[in-house]
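Asker: Any chance you can model this:
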Amino acid sequence: MKVLVVGNGGREHALAWKLLQSQRIRQVICIPGNVGTARTERCQNVPLRVDDFEGMVRFTVVQNVTLVVVGPELPLALGITDYLQQQNPNLMVFGPTKEGAQIEASKYWAKSLMQQAGIPTPGFEVFTNAAAATDYVMAHGAPIVVKADGLAAGKGVTVAATVEEAKAAVESLFKSGFSPVVIEECLTGQEVSILAVTDGLTVRPLLPAQDHKRIGEGDTGENTGGMGAYAPAPLVTPALMERIEQEILQPTVEALRQRGIDYRGVLYAGLMITPAGDPMVLEFNCRFGDPETQAILPLLETPLEELLLACTQQRLAQFPPLSWKPGAAACVVAAAQGYPGTYQKGQLITGIEQAEQLGANVFQAGTQIKQQQLLTDGGRVLGVTALGETLASAIAGAYAAMDCIHFEGMYYRKDIGHRAINFGSLPD
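Answerer: Residues are numbered from 1 along each chain as shown. The predicted structure follows:
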């Protein structure tokens, strides 16, 4: 079978790489893909935009594509699943419809869904007016969380430690055209990412992961798309995962069904585990996480395409339990100097082959080829993933591989996994 992967990041490189491990997959086609997918055997890039749905339909018909896997949230929010399935009814698409993708595309819509379904989430208010939002912040004080309602590439959230910081975030969002704005109670605890797949009826969680969203070590500084991740996260015990399934994942799928939404794809819950050990939903995403995917998929032994097909064909309840490799995985992101602000492009990248010789997977994201040289072309440039018998050895492997790689201004956090390494020995 042929599979089409939509997107051009490290997540899509990881998806293509994992799909191609199966003997059933003849070819993976990436739209538009990146340098990493272009250099992968049996993988072809097609230079279409992720919102060129008409072009994709023509391509899937001509190339006899069986399955489409949508990576980023933007095409899902624009209705790629609806369009592809209307135009090519034989095509199976892994990813929710436009209506279902609102769970990520609108924070307010998602919060309303959770409120109606009784899913635990922080208290919130919604504002379409900057002055009213500012008055609310001044009345409630800090810490407080300010969120863009719409898609913001993982960077639309400010956890404001002071009232001034919250006011500045409100002003910035409204000036940038984000309206409404959601202002939320600030919780304490540890964040975890629970990526689950669903066929609209049954939910199967993948391994729990922890992402590092802040640019600075010790989880300081601005939010980013993610500076590294590891799996499985020891904070999520089997008992806690059972609670997450029963109290959050399954009720969410049922609430979507009650709204007439047939949700087949990834349901990604960004959770806060409170000091009391209770899971609270900070946000939902409608797609695979980046960089969590780069840490989770290398541990998956179940053929990925079989799992995704079971979701698209609504037979997940009969699917056997997922099989995982023992041990752990860690992914460290190499970013361009200045990210998540202004950064330069066009820096020469060296050392990827040496890193891979150590056994690491180097997933490419913001890269380009010019005159046969690999150069930087984005904020998050590479995701370096290593496996280990323990989380500590996986982290050590990722950093050993990162030591092989160089480009001018390369920045990466040196404390990925610090919470898990300290888990059980230090108070949160």
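
Asker: only C-alpha atoms for contact and neighbour calcs from this point on.
Answerer: Noted.

Asker: What about Ile369? Give its phi and psi, please.
Answerer: Phi and psi for Ile369, reported as degrees, to the nearest 10, are phi -110, psi 130.

Asker: Check it and give its pLDDT.
Answerer: Here, the pLDDT recorded for Ile369 equals 97.

Asker: do the same with Met1
Answerer: pLDDT for Met1: 96.

Asker: The chain should start at 33 in everything you say after this.
Answerer: Shifting the count to begin at 33 puts that one at Met33.

Asker: And it, how far from Leu99?
Answerer: Note on Met33: its distance to Leu99, by Cα to Cα, to the nearest Å, is 8 Å.

Asker: neighbour count winner among those two?
Answerer: Between Met33 and Leu99, Leu99 has the larger neighbour count (other Cα atoms under 10 Å), namely 22 against 13.

Asker: Who are the contact partners of that one?
Answerer: 34-36, 123-126, 341 (Cα atoms under 8 Å, 6 or more residues apart in numbering).

Asker: got it, and Gly87?
Answerer: Counting by Cα under 8 Å, 6+ apart, Gly87 makes contact with Leu80.

Asker: For the strand or helix carrying it, buried residues please.
Answerer: According to DSSP states H and E, Gly87 maps onto helix 85-95. Buried residues in helix 85-95, defined by neighbour count with 16 or more other Cα atoms under 10 Å: 85, 88-89, 92.

Asker: What does Pro353 show for phi and psi?
Answerer: Dihedral angles of Pro353 (phi, psi; degrees, to the nearest 10) stand at phi -60, psi 150.

Asker: Please tell me how far it sits from Val82.
Answerer: Taking Cα to Cα, one finds Pro353 at 33 Å from Val82.

Asker: Could you check which of the two has the larger neighbour count?
Answerer: Between Pro353 and Val82, Val82 has the larger neighbour count (other Cα under 10 Å), namely 23 against 10.

Asker: looking at this, that one is in a strand?
Answerer: No. Assignment of Val82 by DSSP: H, G, I helix; E, B strand; the rest coil gives coil, placing it outside any strand.

Asker: Flag the shaky bits of the protein, pLDDT-wise.
Answerer: Along the chain, the model assigns pLDDT under 70 to residues 185-187, 454-460.

Asker: Quick check, central residue of it?
Answerer: Gly321 (1.3 Å; Cα atoms, centre = their mean).

Asker: thinking again about what came up before, just the C-alphas of the helix holding Gly87, formatted as CSV.
Answerer: Output of helix 85-95 as CSV, limited to C-alpha atoms (Å, rounded to 0.1, in the frame of the first residue of the first chain):
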residue,chain,number,x,y,z
PHE,A,85,-6.6,19.8,-1.0
GLU,A,86,-7.6,19.7,-4.7
GLY,A,87,-4.0,18.9,-5.7
MET,A,88,-3.8,16.2,-3.0
VAL,A,89,-7.1,14.5,-4.3
ARG,A,90,-5.7,14.3,-7.8
PHE,A,91,-2.5,12.9,-6.5
THR,A,92,-4.1,10.2,-4.3
VAL,A,93,-6.2,9.0,-7.3
VAL,A,94,-3.4,8.9,-9.8
GLN,A,95,-1.0,7.3,-7.3
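
Asker: Helix or strand next in line after that helix, which one?
Answerer: Downstream of helix 85-95, the next assigned helix or strand under DSSP H and E is strand 99-102.

Asker: Please export the C-alpha coordinates of that next one as CSV.
Answerer: Taking Å, rounded to 0.1, in the frame of the first residue of the first chain, the C-alpha atoms of strand 99-102 are listed here in CSV:
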residue,chain,number,x,y,z
LEU,A,99,-4.2,6.0,3.6
VAL,A,100,-3.6,9.7,4.3
VAL,A,101,-2.0,10.6,7.7
VAL,A,102,-2.3,14.3,8.5
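
Asker: So the residue of the chain most remote from its centre, which state does it fall into?
Answerer: Centroid-distance maximum for the chain: Ala171 at 34.0 Å, with Cα atoms, centre = their mean. Following three-state DSSP, we place Ala171 in the helix state.

Asker: just to revisit the earlier point, tell me the one of the contacts of Leu99 nearest Phe439?
Answerer: Nearest to Phe439 among those is Leu36, at 31.2 Å by Cα to Cα.

Asker: Kindly confirm my reading that that closest one is in a helix.
Answerer: No. Using three-state DSSP, the assignment for Leu36 is strand, not a helix.

Asker: List the contacts of it.
Answerer: By Cα under 8 Å, 6+ apart, Leu36 lies in contact with 60-63, 92, 97, 99-101.
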